[in-house]
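# Give me coordinates for this.
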Amino acid sequence: MAKSKVDKSQVKEKNVEVVENEESTLYYFYSVGCGFCKKAEPIIDELIKEGHDILKLDVAEPDNNGLKQELEKKYNKRCGTPWFIDGKNGNDICGYREKDIIQKWIDGEEIPAPPRPKSQMPRPPFHGAAKKDEKSWIVEYTKWTEENSHLPNLQTAEQILARPRPKSDPPRPPVQGADDKTIDIWVKEYDKWKDENSHLPNLQPGNVIAQRFKQGNQPQVGAPGANLNPDQNARLNRLEQKMDKLIKHLGVK
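Numbering: from 1, shown residues only. Prediction:
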């Protein structure tokens, strides 16, 4: 019996379709109030617009945080935010990096960790601190920079002191699972601190931050993702983001 010939072009097209429909496992974990996350956010949005399928996950959401912990355990890694990780193989970037580095991560390259400090940088004095406190800090910081000369782009003490600095520590945010009353008390304390530090840029109102706390603490029964495990919830988030892209593409308002 003669063997039927296979149309190679059809096989190629089918393979391409399979690759295109394969679910991406590129995750970007971020947190509200994270300064480096704010720097990374426009880069990630730009890469998504360029066609890269990256799932953005706010760790304030319990399911997202659960997925993050699962990946850390699976690949024996530890990172705060921002954290970029390929859930398929554990290839990751811990901390902020420029767009060209993140692009290499998307392409599957392993990104070496940046140089780490040998010790914690001495904390700059609060805004309005006494001159003697500033001078004492300058001595400590100068010694620290000498011990950590391997780090790139170290700023001078004068450059750091010229930046806006808080007058005091902000109130500690409520723990995960805190009730509304505790969160509302924190909002009042935070807004008072915010008013006292109005010279600082980009401070969000307390009620905006609190809304995220409350949304993360009180998932409604029957709401999307309420009864899903972290991996299922991540897939649901991905589907929602893809629907948003489709709606924007079609021009639906």
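# Break this structure into its domains for me.
Domain ranges of the chain: 24-114, 119-165, 167-221, per automatic domain parsing.
# Endpoint to endpoint, the longest one covers what distance?
Distance between the boundary residues of domain 24-114 (Cα to Cα, to the nearest Å) amounts to 26 Å.
# Distance from the chain centre to that domain, please.
Centroid separation for domain 24-114 versus its chain: 7 Å, with Cα atoms, centre = their mean, to the nearest Å.
# Please apply the same query to the second one.
Averaging C-alpha coordinates over domain 119-165 and over its chain gives two centres that are 26 Å apart (Cα atoms, centre = their mean).
# before we move on, the earlier item: deepest in the core, which of the domains of the chain is it.
Neighbour counts (mean count of other Cβ atoms under 10 Å) averaged over each of the domains of the chain peak at domain 24-114, with a mean of 16. No exception for glycine: its C-beta is placed from N, CA and C like everyone else's.
# At the geometric centre of the chain, which residue do we find?
Nearest to the mean C-alpha position of the chain, by Cα atoms, centre = their mean, lies Tyr30 at 2.0 Å.
# which residues does that one contact?
Cys37, Ala40, Glu41, Lys56, Leu57, Asp58, Val59, Thr81, Pro82 (Cβ atoms under 8 Å, 6 or more residues apart in numbering).
# Please name the nearest non-neighbouring residue to it.
Cys37 (4.1 Å; Cβ to Cβ, 6 or more residues apart in numbering).
# and that neighbour, which of the three is it?
helix (DSSP: H, G, I helix; E, B strand; the rest coil).
# Ile101 too?
Per three-state DSSP, Ile101 ends up helix.
# Not counting sequence-adjacent ones, nearest residue to it?
Of all residues not flanking Ile101 in the chain, Ile111 sits nearest, at 6.0 Å (Cβ to Cβ, 6+ apart).
# ok, now Val187?
Counting by Cβ to Cβ, 6+ apart, Gly206 is the residue found nearest to Val187 once chain neighbours are left out, at 3.8 Å.
# ok, now which ones touch the one you found?
With Cβ under 8 Å, 6+ apart, Gly206 has these contacts: Trp186, Val187, Lys188, Tyr190, Asp191, Lys194.
# Tell me both backbone torsions, phi and psi, for it.
The phi/psi pair for Gly206 (degrees, to the nearest 10) reads phi -60, psi -40.
# Tell me the pLDDT of it.
Note on Gly206: pLDDT of 90.
# for the one 10 residues further on, same thing?
Reading off the confidence values, Gly216 has pLDDT 62.
# Give the pairing partners of the helix or strand hosting Leu55; include direction for each.
Here Leu55, judged by DSSP states H and E, is contained in strand 54-58. Within its sheet, strand 54-58 is paired with strand 26-30 (parallel), according to DSSP bridges.
# List the beta-bridge partners for the residue nearest to the centre of the chain.
Beta-bridge partners, per DSSP bridges, of Tyr30: Asp58.
# now swap in Asp92 and tell me
With DSSP bridges as the rule, Asp92 is bridged to Ile85.
# who's in contact with it?
Residues counted as contacts of Asp92 (Cβ under 8 Å, 6+ apart) are Tyr75, Lys77, Cys79, Trp83, Phe84, Ile85, Asp86, Trp105, Ile111.
# Hmm, Cys37 and the fifth one touching each other?
What that stands for is Phe84. No: using Cβ atoms under 8 Å, Phe84 is not in contact with Cys37, being 11.1 Å away.
# which residues in the protein form helices?
8-21, 35-49, 62-75, 99-106, 131-147, 157-162, 180-196, 206-217, 230-250 (DSSP state H).
# Any chance of the backbone angles for Ser24?
The phi/psi pair for Ser24 (degrees, to the nearest 10) is phi -70, psi 150.
# excluding its backbone neighbours, what's nearest it?
Nearest non-adjacent residue to Ser24, counting by Cβ to Cβ, 6+ apart: Asp53, 3.7 Å away.
# Please tell me I have it right and the one you found contacts Tyr27.
No: contact criterion Cβ under 8 Å: Asp53 and Tyr27 do not qualify, at 10.7 Å.
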